[in-house]
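Novice: Model the following, please.
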Amino acid sequence: MFRTIANYLMWRVVKSKFLQLSSDFIEIFKSYYLQAFNYWRDSDQHQLCLMTTSLKFGIPLSKVFLDQKFYGDSKKLVRKKLKSVSSLRCLKRVFSR
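Specialist: Predicted coordinates:
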């Protein structure tokens, strides 16, 4: 039973990371998947690249974008507007009681 659970966990790891392995490992995984599920779909390398970039660099890239779009006093203005919206929400809650 322990061996079965260990194998299952190992294949879960391989399934989540197999596209990052060499082509030899991908072929082994493909063979396993075809035997186990009688199904296989080749991955789209472009889609994988976009997904990985988004997961790993989403926040830094967002910061670069925002720094380019908002500069100087515009950051202070946005903070002020957000603060006033937050204040309006608080007032609305107080008066709705």
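Novice: From now on I want contacts and neighbour counts done on CA atoms only, so please keep to that.
Specialist: Noted.
Novice: Sketch out the low-pLDDT regions of the protein for me.
Specialist: Applying pLDDT under 70 to the chain flags the ranges 1, 18-19, 44, 88-97.
Novice: Closest to the centroid, which residue in it?
Specialist: Nearest residue to the geometric centre of the chain (Cα atoms, centre = their mean): residue 55, 3.8 Å.
Novice: Tell me the secondary structure of that residue, please.
Specialist: Following DSSP: H, G, I helix; E, B strand; the rest coil, the label given to residue 55 is helix.
Novice: Buried by neighbour count: which residues of the strand or helix carrying residue 12 qualify?
Specialist: Assigned by DSSP states H and E, residue 12 belongs to helix 2-17. Neighbour counts over helix 2-17 (16 or more other Cα atoms under 10 Å) mark 11, 14 as buried.
Novice: quick one: contacts of it?
Specialist: For helix 2-17, contacts defined as Cα atoms under 8 Å, 6 or more residues apart in numbering pick out residue 29.
Novice: after it comes which helix or strand?
Specialist: That would be, after helix 2-17 and using DSSP H and E, helix 23-37.
Novice: now the helix holding residue 12 against helix 23-37, angle please.
Specialist: Angle of helix 2-17 versus helix 23-37, following axes from the mean of the first three to the mean of the last three Cα atoms, to 10 degrees, is 120 degrees.
Novice: residues in contact with residue 47?
Specialist: Not one residue lies near residue 47 by Cα under 8 Å, 6+ apart.
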